[in-house]
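Visitor: Just a sequence and a predicted model for now, questions to come.
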Amino acid sequence: MKTKIYPTLIVIILFAQTVHKADGDCSYDRDLKQCSCYLLDLTNIMSIIPCIQATSFEFNGGTFVKPEDFGHLDINYIMSMIHINLTRISFVDAVMSQDFLATFINAIFQVPVDLLSFKNTNFVEQRVGFNLRGSPPPILSLQFINVSSNPLIQRDSAFDRFGNWMSILRNLTVKESKLRGVSCDVSLVFRSLSTLDLSENLLSDHNISSIFCNGAFPNLQNLKLSSNNFSNYETLCQVLSRYTQLRHLDLSLNDFSLISNSLCQWQPSLSHLNLSNTGLEHVGFSLPPNCEVLDLSHNRIEFLNISLPSLTAFYLSYNRLSTLSSIGHIPILQILSVDGNPIKMLQVSQIQTFKHLRSFKGDNIPYTCSCSVIKEMKEMAKSGLTVQRWPEGYTCDSPESFRGKMIDEVNQSLFECHTQLLTAVICVALFLLCVSIIICFVKICQSNKTRSQCMEAGNSHSM
């Protein structure tokens, strides 16, 4: 009878062999089925016992440079007994050679792994010659975050032995790694990649054509280029518009402040575009015609007049809009965020023009709390519309007596809300009263005069 061997046990056995100094252990989260090992403190092989049912591993610390340390283990036989998928294997704050990485991937090539992640890892180069097997390992997602070098995608010579694996990758992330470019030859290998995240690097306009050359990433659907050195919107559009399956594009935290009118046309497939924090002052360039979600928040936009018939979510937070009446033609909009704009007088009638709106965010706005604004805001909050951060985020900026007070707490009297009308009514009433008094006085005087004349006539007749 064969004993069932869990992948956790095998993987930790592998890495335990490289540890020469040990005074700690691994911890196991039963709810998450996650095992966290501080390898430099691992005491002995028995400390893996709590982790034998884990499906997620994090190896924090450690140096993995000599792949020959695993040569005496019969990895093929051990791995053939594993039939449990691993959701994640992470290396954090580690030092690792490329040869070791190749050996490790060879060791787990029969075990499906959802994500292989390297964070704060320093890759050192070796030329011993450990290559991957003929068939690629079943690892679909690869992640590099703040690594000192990018051996799999930046150096052609080191990349050769990983090329077969790269061809089946679905998701690739290289963030915070000072990446300046990727050669076309390397990009062409990623034939199955659907999600690519190259945010927080040093990419720029002059190398975008090399990264996304003809034939590269043919199945790309989600692309993140946030926080790089891009400044030419036209160039990006021309290069990326060839991707007929691209749906999500994140260009946030680049500098498009000098953007001019662009006639470039995006593919109809592009439905989500993020241009937040890009220094935009106006939108005089082409937007995806079938855009469903558009983020223009944290810019310097004062005026908008766009036409996007498919747009359902529009994020305009922290711009310089003073009114909502001129946003444009957005007939099926469902989500609208305008918080942080200097909109003094927000009229509910402006919001009601969006017939399908179901969620509104308008906090952190310097509201002028007139009676009409207070009444309309309260009525809007009580309607079926979801007003996010109501009531704590909606405060008065003026008049002075209400400054800093929540709109929901302001209760104005009838006289305060209709001062001019009531003043006019009182003035008219006083005027009418005065007229009435004068008329009465005249009539009384006339009556007294007539009576006096009658009395004088009577006295004369009597005499």
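Guide: Looks like it came in fine.
Visitor: rest of the way, CA atoms for contacts and neighbours
Guide: Fine.
Visitor: Helix or strand with the lowest mean pLDDT in the chain?
Guide: helix 156-159 (a mean of 44; mean pLDDT, DSSP states H and E).
Visitor: Next, the distance between the ends of stretch 383-395.
Guide: One end of stretch 383-395 to the other measures 19 Å (CA to CA, to the nearest Å).
Visitor: contacts for it?
Guide: For stretch 383-395, the surrounding residues in contact (CA atoms under 8 Å, 6 or more residues apart in numbering) are 357-367, 380-381, 403-408.
Visitor: can you check stretch 172-190 too?
Guide: Residues contacting stretch 172-190 (CA under 8 Å, 6+ apart): 141-150, 153-154, 156, 159, 163, 166-169, 193, 195-204, 207-208, 210-213, 215-217.
Visitor: Using PyMOL, define a selection of the buried residues within those residues.
Guide: The buried subset of the contacts of stretch 172-190, as determined by 16 or more other CA atoms under 10 Å, is captured in PyMOL by this line:
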select buried, resi 141+142+143+144+145+146+147+148+149+150+153+154+159+163+166+167+168+169+193+195+196+197+198+199+200+201+202+203+204+207+208+210+211+212+213+215+216+217
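Visitor: picking up where we left off before, next, check the contacts of stretch 383-395 against the helices and list the overlap.
Guide: Secondary structure from DSSP state H places M380, A381 of those in helices.
Visitor: And the contacts of stretch 383-395, which of them are buried?
Guide: Buried, going by 16+ other CA under 10 Å: 357, 359-367, 380-381, 403, 405-408, out of these.
Visitor: Pull out the buried positions in stretch 264-272.
Guide: Those would be C264, Q265, W266, Q267, S269, L270, S271, H272, for stretch 264-272 by 16+ other CA under 10 Å.
Visitor: nope, stretch 228-239 is what I meant
Guide: For stretch 228-239, by 16+ other CA under 10 Å, it's N228, N229, F230, S231, N232, Y233, E234, T235, L236, C237, V239.
Visitor: Thought F212 was touching the last one, still the case?
Guide: This points to V239. Yes - between V239 and F212 a contact is recorded at 7.0 Å, counting by CA atoms under 8 Å.
Visitor: S192 contacts L140, correct?
Guide: No - using CA under 8 Å, S192 is not in contact with L140; the gap is 9.6 Å.
Visitor: okay, and the common contacts of the two?
Guide: In terms of CA under 8 Å, 6+ apart, S192 and L140 are both contacted by the residues I168, L169, R170.
Visitor: how about CSV for the residues you listed, with distance to L346, secondary structure and pLDDT added?
Guide: Listed next are the shared contacts of S192 and L140 as CSV, based on distance: CA to CA, whole Å; DSSP: H, G, I helix; E, B strand; the rest coil; pLDDT from 0 to 100:
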residue, distance to L346, secondary structure, pLDDT
I168, 52, coil, 85
L169, 49, coil, 89
R170, 46, coil, 93
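Visitor: what about the helices in the stretch 301-450 of the chain?
Guide: 348-352, 371-382, 414-417, 419-462 (DSSP state H, counting those that start in this stretch).
Visitor: Least reliable of those helices by average pLDDT, please.
Guide: Note on those: lowest mean pLDDT is at helix 414-417, with a mean of 55.
Visitor: pLDDT value on W266, please?
Guide: 94.
Visitor: That one belongs to a strand?
Guide: No - under the criterion used here (DSSP: H, G, I helix; E, B strand; the rest coil), W266 is coil, not part of a strand.
Visitor: gap between stretch 204-218 and the chain center?
Guide: Here the centre of stretch 204-218 is set off from its chain's centre by 25 Å, with CA atoms, centre = their mean, to the nearest Å.
Visitor: what sits up against that stretch?
Guide: Residues external to stretch 204-218 that are found in contact with it (CA under 8 Å, 6+ apart): 180-184, 187-194, 228-232, 235-236, 239-240, 243.
Visitor: Kindly recompute the last result at 10 Å.
Guide: 167, 180-196, 203, 228-236, 238-240, 242-246, 254 (CA atoms under 10 Å, 6 or more residues apart in numbering).
Visitor: Just the CA trace of that stretch, in CSV.
Guide: Taking C-alpha atoms only, stretch 204-218 is exported to CSV below (Å, rounded to 0.1, in the frame of the first residue of the first chain):
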residue,chain,number,x,y,z
SER,A,204,9.4,54.9,-22.3
ASP,A,205,8.0,55.8,-25.7
HIS,A,206,11.1,54.9,-27.7
ASN,A,207,11.1,51.2,-26.7
ILE,A,208,7.4,50.5,-26.8
SER,A,209,7.6,49.4,-30.5
SER,A,210,10.2,46.8,-29.6
ILE,A,211,8.3,45.4,-26.7
PHE,A,212,5.0,45.2,-28.7
CYS,A,213,6.5,44.3,-32.1
ASN,A,214,4.5,42.6,-34.8
GLY,A,215,3.5,39.1,-33.7
ALA,A,216,4.3,39.7,-30.0
PHE,A,217,1.7,38.7,-27.4
PRO,A,218,-0.9,37.6,-30.0
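Visitor: which stretches of the stretch 151-300 of the chain form helices?
Guide: Using DSSP H, counting those that start in this stretch, the helices of the stretch 151-300 of the chain run over 156-159, 163-166, 184-187, 208-211, 233-240.
Visitor: can you redo the ones you listed as CSV with distance to M345?
Guide: Formatted as CSV, those follow (distance: least, CA to CA, whole Å):
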stretch, distance to M345
helix 156-159, 59
helix 163-166, 55
helix 184-187, 51
helix 208-211, 44
helix 233-240, 34
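Visitor: Among those helices, show the one with the smallest mean pLDDT.
Guide: Among these, helix 156-159 scores lowest, at a mean of 44.
Visitor: I'd assumed V92 was in contact with Q143.
Guide: No - contact status for Q143 versus V92: not in contact, 11.6 Å apart, counting by CA atoms under 10 Å.
Visitor: and for those two, which residues touch both?
Guide: With CA under 10 Å, 6+ apart, Q143 and V92 have common neighbours S117, F118, K119.
Visitor: For these, which PyMOL command selects only the ones that are buried?
Guide: Per 16+ other CA under 10 Å, the buried members of these correspond to this PyMOL selection:
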select buried, resi 117+118+119
